[in-house]
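Colleague: the sequence and its predicted three-dimensional model are supplied below.
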Amino acid sequence: YDIAYDDGERELRVAKRLIRKLDGGSSDSFREGDKVEADYRGRGKFYKGKISRDRGDDTYDIAYDDGEREMRVSKRLIRKLDG
């Protein structure tokens with residue numbers, strides 16, 4: 001993305017993962033450290049964990065509370081927990 005800042009500066013080819021809305025982002029986006037439930041291996045059962053990495057392509061790495069880890073989980077398989 002190319003960015004035109006309010007102060008007149010410009011920046012070219014900024015990665016999507018480095019950009020966020022002024023309001024902190026939409027409700028369907030996640031940040032590293034967010035507490036979530038994710039559909040482990042896409043099999044229909046959700047487990048608690050947290051976002052350990054934002055891959056910048058609408059996939060995330062999950063560190064599950066039980067010690068398991070999963071990489072490149074699609075955001076459609078993740079739901080945010082309150083708190």
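Modeller: Perfect, I can see it now.

Colleague: the strands in the protein, which residues?
Modeller: Taking DSSP state E as the test, the strands found in the chain are 3-4, 10-11, 35-39, 46-54, 59-64, 69-74, 78-80.

Colleague: against residue 6, how distant is residue 35?
Modeller: 33 Å (Cβ to Cβ, to the nearest Å). For glycine as for every other residue, the C-beta is placed from the backbone atoms N, C-alpha and C.

Colleague: show me what residue 50 bridges to in the sheet.
Modeller: The partner list for residue 50 in beta bridges (DSSP bridges) reads residue 35, residue 63.

Colleague: quick one: contacts for it?
Modeller: 33-36, 62-63 (Cβ atoms under 8 Å, 6 or more residues apart in numbering).

Colleague: residues touching residue 58, list them.
Modeller: So residue 58 contacts 74-75 (Cβ under 8 Å, 6+ apart).

Colleague: still on that earlier bit, the more surrounded of residue 35 and residue 6?
Modeller: residue 35 (14 against 5; other Cβ atoms under 10 Å).

Colleague: for the chain, which spans come out with low pLDDT?
Modeller: 21-28, 83 (pLDDT under 70).

Colleague: I appreciate the help and will end here.
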